[in-house]
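Chemist: I'd like to go over a predicted model; first the sequence, then the structure.
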Amino acid sequence: MQLQLDNKVAIVTGASRGIGRAIVTTLAQEGAQVVAVARSAEALDELVAALPVPGLAVVADLREPKSAQAVVDAALQAFNRLDVLVNNAGATVRGDFLALDDAAWHDGFALKFFAAMRLSRAAWPALRDSQGSIVNVIGIGGRTGSAEFTVGGAVNAALLNLTKALADRGVQDGVRVNAVNPSSIATERLQGRVLTLARERGVDAAQAASEIAASLRVARFGTAEEVAAAVVFLASPLAAYCQGAVLDVDGGQTRTL
């Protein structure tokens, strides 16, 4: 499908692996020039070198308050415009609420929520000029609470609200703001959960994966490419009338409204 993204410029955070890497690749395949942001220089350089269009690797720790503006400045200096911001960075710890200390909460909000907020704020003037878009990659934990996902659920819920609030502002400024909620996607992080369960149960990884999928009442795990396809569609002009939309890419795991 032609998504009308030729020569558009996109920033993608959390770009070195998993969903972020798939988003970078899909955007580039659609003709967009991508600024790939993560903490791993080697992985970013390898990714950008393989893209079919010009790209830029920016190494940054988005937990640092000044990093957001530095990323946007690097994109504008390299390409002189900005059309898309994909806030994808950030993983939060799972575990017993009573065992999670303040550091776990601070880190969860610093990398996922505050990074997205600061990047959106820093990128907004350029996105207003280009009538561009923001897509926040969040997660279904913001919709449904779980005792083992208190940090992630709270962070995700905050990002869902921020998405709606920025979409409201975007109506007057011409900036579209939408979100995608993945669930159990076959990334390295999920593979770690599978291997942990396999060790605990004394079964092989395939059986452990099937047990996790069955417990979630989904037929299978999703792929990073499936999430990327949804993100890139929402980022594109083909989704011009999507504003404040939240798309669950979860195999039917979310059964609430």
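Modeler: Thanks, I have the structure now.
Chemist: now the helix or strand hosting residue 196: how far from the chain's centre is it?
Modeler: Taking DSSP states H and E as the criterion, residue 196 maps to helix 188-201. Averaging C-alpha positions (C-alpha atoms, centre = their mean, to the nearest Å) puts helix 188-201 22 Å from its chain's average.
Chemist: then stretch 144-154?
Modeler: Distance, centroid of stretch 144-154 to centroid of chain: 18 Å (C-alpha atoms, centre = their mean).
Chemist: kindly report the same for stretch 79-94.
Modeler: 6 Å.
Chemist: in the protein, what residue sits furthest out from the centroid?
Modeler: residue 202 (33.3 Å; C-alpha atoms, centre = their mean).
Chemist: can you tell me what sits against the helix holding residue 196?
Modeler: Here helix 188-201 makes contact (C-beta atoms under 8 Å, 6 or more residues apart in numbering) with 17-18, 91, 184, 203-205, 207-209, 211-212, 221. Every residue, glycine included, has its C-beta placed from N, CA and C.
Chemist: show the average pLDDT along stretch 199-215.
Modeler: For stretch 199-215, mean pLDDT rounds to 77.
Chemist: now that stretch: buried residues?
Modeler: 208, 209, 212, 213 (16 or more other C-beta atoms under 10 Å).
Chemist: and if you look at stretch 108-124?
Modeler: Buried-residue list, stretch 108-124, by 16+ other C-beta under 10 Å: 108-120, 122-124.
Chemist: returning to that earlier point: right, and the helix or strand after the helix holding residue 196?
Modeler: helix 205-215.
Chemist: helices along the chain, start to end?
Modeler: 18-29, 41-49, 67-79, 102-108, 115-130, 150-173, 188-201, 205-215, 224-235 (DSSP state H).
Chemist: deepest of these, which one?
Modeler: helix 18-29 (a mean of 25; mean count of other C-beta atoms under 10 Å).
Chemist: which strands or helices does that one pack on?
Modeler: strand 9-13, strand 33-38, helix 41-49, strand 84-87, strand 133-137, helix 224-235 (3 or more C-beta pairs under 8 Å, 6 or more residues apart in numbering; DSSP states H and E).
Chemist: so which residue is smack in the middle of the chain?
Modeler: residue 88 (2.3 Å).
Chemist: hmm, it is touching residue 138, no?
Modeler: No: using C-beta atoms under 8 Å, residue 88 is not in contact with residue 138; the gap is 9.4 Å.
Chemist: nearest to residue 170 among the buried residues of stretch 108-124?
Modeler: Among the buried residues of stretch 108-124, residue 124 lies closest to residue 170 (C-beta to C-beta), at 8.9 Å.
Chemist: check contacts around the closest residue to that closest one other than its chain neighbours.
Modeler: Leaving aside its chain neighbours, residue 124 sits nearest to residue 175 (6.6 Å; criterion: C-beta to C-beta, 6 or more residues apart in numbering). Residue 175 sits next to 124, 127, 128, 131, 132, 133, 134, 166, 169 when contact means C-beta under 8 Å, 6+ apart.
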